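*Asks:* pasting the structure only:
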């Protein structure tokens with residue numbers, strides 16, 4: 001700091017001190033105890049602490065000079081007594097400020113309602129009053145003070161000392177904002193403007209203003225009632241708690257700075273014009289209690305406002321993180337949804353980097369992340385206010401544009417990107433760009449469908465043109481994406497309605513015509529029949545298998561309960577998808593379902609894929625084991641196509657093997673198929689496993705399969721799937 005600047009600040013601090021120390025002393029609330037005047041809040045302490053917060057060490061000398069001048073005229077005491085009194089005040093504030101600076105660092109004076117509030121509150125709110133009174137009482141025992149001030153230096157009763165100490169605590173804690181914020185506004189008009197906009201006006205605009213006006217009206221009314229002398233005993237101390245309740249309600253609405261200032265003004269009015277609410281209780285004990293309540297509420301209010309402010313700050317951080325991709329640090333899809341709500345009309349563009357997936361496999365995932373960051377930075381100069389780039393998983397970015405000539409602008413961006421290379425670890429990468437775009441509105445449901453369509457169209461643009469419009473080729477894209485989305489919606493609707501899934505059964509019989517049925521399913525929705533070859537892939541892709549399997553199992557159990565039989569043989573088999581068996585506790589849920597409907601587990605065979613039967617997944621194997629131990633027979637579906645070998649077959653824990661249809665269809669044209677079937681049957685018989693052959697469609701196949709050792713047959717020759725309600729079990 002230059003000497004000229006230091007001199008200017010010192011002179012300004014001196015002028016302010018000469019003006020406000022006598023003013024603050026004059027407006028300090030006071031009353032009479034034991035025939036002696038006592039301050040309820042000694043406001044010069046508040047002003048001095050505020051000056052130290054504003055000027056730091058520069059304020060010390062001006063405060064010493066102004067205090068000496070002021071008290072020499074006001075107190076009319078000897079120079080020695082005056083020096084000791086000023087020393088007690090300024091020295092204590094200076095030392096405690098240095099301690100606070102030691103704990104909080106060089107910026108201890110900034111952000112009074114932010115970090116370090118506890119340290120400042122302790123050293124400047126409690127330590128300063130305590131040390132001041134301690135020094136004054138010590139000096140009062142060694143130096144004679146005039147009668148008019150002797151009570152403040154120890155010549156008083158115990159309760160007088162308590163109230164006197166509380167007055168300094170109240171001044172330090174409650175009334176420092178009464179001087180700090182106005183002084184900062186006076187010295188810096190920019191701070192006054194910022195305070196008005198951020199702390200005041202934000203509560204007087206929009207929907208918040210109704211609560212603000214109502215709260216201010218209640219506060220003004222309560223202060224007018226409590227500070228008047230008209231009501232006397234009727235409103236003495238009884239209505240003061242309403243003020244505390246009112247400020248508690250305002251803490252969540254107003255910021256900590258405005259709340260601190262309004263509380264300081266309200267407390268000053270209550271303590272200054274105290275004839276109303278202190279009527280009948282104006283004694284030293286009542287004053288001590290009231291000051292304690294004021295101080296305690298102030299501490300609670302400060303911490304409550306601080307906690308709420310931190311909570312709001314954390315909410316903003318979490319909200320920002322929720323809208324940001326953690327790797328690329330770009331706005332994500334959720335941020336796009338918010339952006340579309342702010343800009344209802346616009347154009348959504350999908351920028352595709354055709355070879356980025358290939359490059360990331362070679363150079364790693366960090367290359368993909370860095371490329372997207374660089375591409376975004378290259379696009380920024382071409383974007384107007386309100387336009388943004390959003391992250392998509394994979395090799396795409398979304399660009400939200402609004403305005404005219406979207407196609408021309410997007411085409412220009414793509415041409416610019418195609419003409420540039422990206423440097424990655426001293427290697428220049430050439431990325432191929434294409435794009436698609438569509439006009440959108442704020443319909444979020446339609447937005448999600450549009451994203452899939454734009455992704456498909458941008459991929460097509462790689463092989464055709466660089467930029468394609470969804471609005472002109474909507475029919476081409478809808479055939480590829482909308483149909484699949486609509487199918488998913490139908491499946492979800494069927495799962496919700498349950499009755500839309502209809503159970504079918506296909507017979508599996510032995511040479512004597514005895515056996516059981518395999519449960520199959522169809523969707524019948526709005527008169528349309530949807531077969532498994534259409535809906536099963538969608539169920540698997542969108543992770544609906546567990547919900548689907550449990551629905552089929554429940555419908556079958558209800559049928560078995562309604563159509564009981566006394567036989568000990570299994571009546572039906574049900575296939576469980578691989579993802580279902582990977583769900584923890586799914587076996588227990590199935591067993592509980594049978595127990596709930598009192599259906600014996602021996603009635604049903606559980607079919608699992610060969611992959612699951614030989615899976616390394618501990619959860620899958622535990623589920624299969626629990627199902628078998630609970631009485632279900634286990635059948636291995638599609639056996640022989642991938643995971644089976646003789647070593648695994650030797651340790652297989654199952655009851656039935658279903659030979660995959662690929663070995664049955666060409667059993668007469670491929671000489672190896674009969675050998676494979678014969679080998680599987682021999683091994684299965686050795687382990688006492690039953691064998692089922694699928695896709696049996698001719699008499700010749702049936703005859704040969706029985707000769708090879710197959711026990712049960714399934715296929716159109718045996719019987720086509722029929723609705724379960726029309727099937728008669730064997």
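*Replies:* Received the coordinates, thanks. Bear in mind the structure is a predicted one, so any value in this text is a computation, not a measurement.

*Asks:* report the secondary structure state of residue 155.
*Replies:* Under DSSP: H, G, I helix; E, B strand; the rest coil, residue 155 falls in the coil class.

*Asks:* in the helix ranked longest in the chain, what's buried?
*Replies:* The residue-count maximum for a helix in the chain (DSSP state H) belongs to helix 284-322. Along helix 284-322, these residues count as buried under the neighbour rule (16 or more other CB atoms under 10 Å): 284, 287-288, 290-291, 294-295, 297-299, 301-302, 304-306, 308-309. Glycine gets a C-beta too; all of them are placed from N, C-alpha and C.

*Asks:* one more: stretch 348-364?
*Replies:* 348-354, 356, 359-360, 363.

*Asks:* in strands, which of those appear?
*Replies:* If you go by DSSP state E, those have 348-353 in strands.

*Asks:* ramachandran angles for the closest residue in space to residue 177 that isn't next to it in sequence?
*Replies:* Once flanking residues are discounted, residue 177 sits nearest to residue 260: 4.1 Å by CB to CB, 6 or more residues apart in numbering. With angles defined as degrees, to the nearest 10, residue 260 sits at phi -60, psi -40.

*Asks:* wait, residue 260 touches residue 121, no?
*Replies:* No - look at residue 260 against residue 121 with CB atoms under 8 Å: they stay out of range, at 11.9 Å.

*Asks:* between the two, who's got more neighbours?
*Replies:* Applying other CB atoms under 10 Å to residue 260 and residue 121 shows that residue 260 carries more neighbours, namely 24 against 19.

*Asks:* could you list every residue that touches that one?
*Replies:* The neighbourhood of residue 260, defined by CB atoms under 8 Å, 6 or more residues apart in numbering, consists of 113, 177, 181, 302, 305.

*Asks:* who are the packing partners of the longest helix of the chain?
*Replies:* Using 3 or more CB pairs under 8 Å, 6 or more residues apart in numbering; DSSP states H and E as the contact test, the elements touching helix 284-322 are strand 30-33, helix 117-120, helix 158-173, helix 240-251, helix 256-272.

*Asks:* for whichever helix or strand comes after that helix, give me every contacting residue.
*Replies:* Using DSSP states H and E, the helix or strand that follows helix 284-322 in sequence is helix 333-342. Contact with helix 333-342 is made by 322-324, 331, 346, 386, 388, 390-392, 398, 400, 440, 442, 444, 447, 451, as judged by CB under 8 Å, 6+ apart.

*Asks:* go again using 6 Å as the cut-off
*Replies:* 323, 388, 390, 400, 442, 444 (CB atoms under 6 Å, 6 or more residues apart in numbering).

*Asks:* could you pull out the buried residues of the longest strand anywhere in the chain?
*Replies:* Ranked by residue count under DSSP E, the longest strand found in the chain is strand 515-525. For strand 515-525, the neighbour count (16+ other CB under 10 Å) marks 515-523, 525 as buried.

*Asks:* name every strand pairing with that strand and say which way it goes.
*Replies:* For strand 515-525, the paired strands and their directions (DSSP bridges) are strand 501-509 (antiparallel), strand 528-530 (antiparallel), strand 572-575 (parallel).

*Asks:* nearest to residue 716, of these?
*Replies:* Among these, the nearest to residue 716 by CB to CB is strand 501-509 (8.9 Å).

*Asks:* avg pLDDT for the host helix or strand of residue 490?
*Replies:* Here residue 490 sits within helix 482-497, counting by DSSP H and E. Average pLDDT, helix 482-497: 77.

*Asks:* for this protein, which spans come out with low pLDDT?
*Replies:* Along the chain, the parts satisfying pLDDT under 70 run over 1, 229-238, 275-283, 445, 463-465, 471-485, 541-542, 611-617, 641-652, 728-730.

*Asks:* what number of residues are in the vicinity of residue 497?
*Replies:* Applying other CB under 10 Å, we find 10 residues neighbouring residue 497.

*Asks:* residue 565 too?
*Replies:* By the measure other CB under 10 Å, the count of residues near residue 565 is 12.

*Asks:* out of the contacts of helix 333-342, which comes closest to residue 373?
*Replies:* Residue 373 has its nearest neighbour among the contacts of helix 333-342 in residue 390, at 13.3 Å by CB to CB.

*Asks:* contacts only, for the closest one.
*Replies:* Going by CB under 6 Å, 6+ apart, residue 390 touches 331, 336, 398.

*Asks:* from residue 430, how far off is residue 268?
*Replies:* As judged by CB to CB, to the nearest Å, residue 268 and residue 430 stand 72 Å apart.

*Asks:* for residue 492, same thing?
*Replies:* On the measure of CB to CB, residue 492 and residue 430 end up 43 Å apart.

*Asks:* who has more neighbours, the two?
*Replies:* residue 492 (15 against 10).

*Asks:* not counting sequence-adjacent ones, nearest residue to that one?
*Replies:* Per CB to CB, 6+ apart, closest to residue 492 is residue 544, 7.6 Å.

*Asks:* for the stretch 501-650 of the chain, what spans make up the helices?
*Replies:* Using DSSP state H, counting those that start in this stretch, the helices of the stretch 501-650 of the chain run over 532-541, 545-562, 578-581, 586-596, 610-613, 618-629, 646-650.

*Asks:* in CSV, list those along with mean neighbour count and distance to residue 239.
*Replies:* Formatted as CSV, those follow (neighbours: other CB atoms under 10 Å; distance: least, CB to CB, whole Å):
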stretch, mean neighbour count, distance to residue 239
helix 532-541, 15, 67
helix 545-562, 18, 61
helix 578-581, 20, 66
helix 586-596, 17, 61
helix 610-613, 21, 74
helix 618-629, 17, 66
helix 646-650, 12, 85
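
*Asks:* sorry, back to before: quick check, nearest of the buried residues of stretch 348-364 to residue 247?
*Replies:* residue 348 (48.0 Å).

*Asks:* can I assume the closest one is in contact with residue 440?
*Replies:* Yes - Residue 348 is in contact with residue 440 according to CB atoms under 6 Å; the separation is 4.9 Å.

*Asks:* picking that back up, TSV please, covering the contacts of residue 260 and showing distance to residue 83.
*Replies:* Shown next, in TSV, are the contacts of residue 260 (distance: CB to CB, whole Å):
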residue	distance to residue 83
113	36
177	30
181	32
302	35
305	40
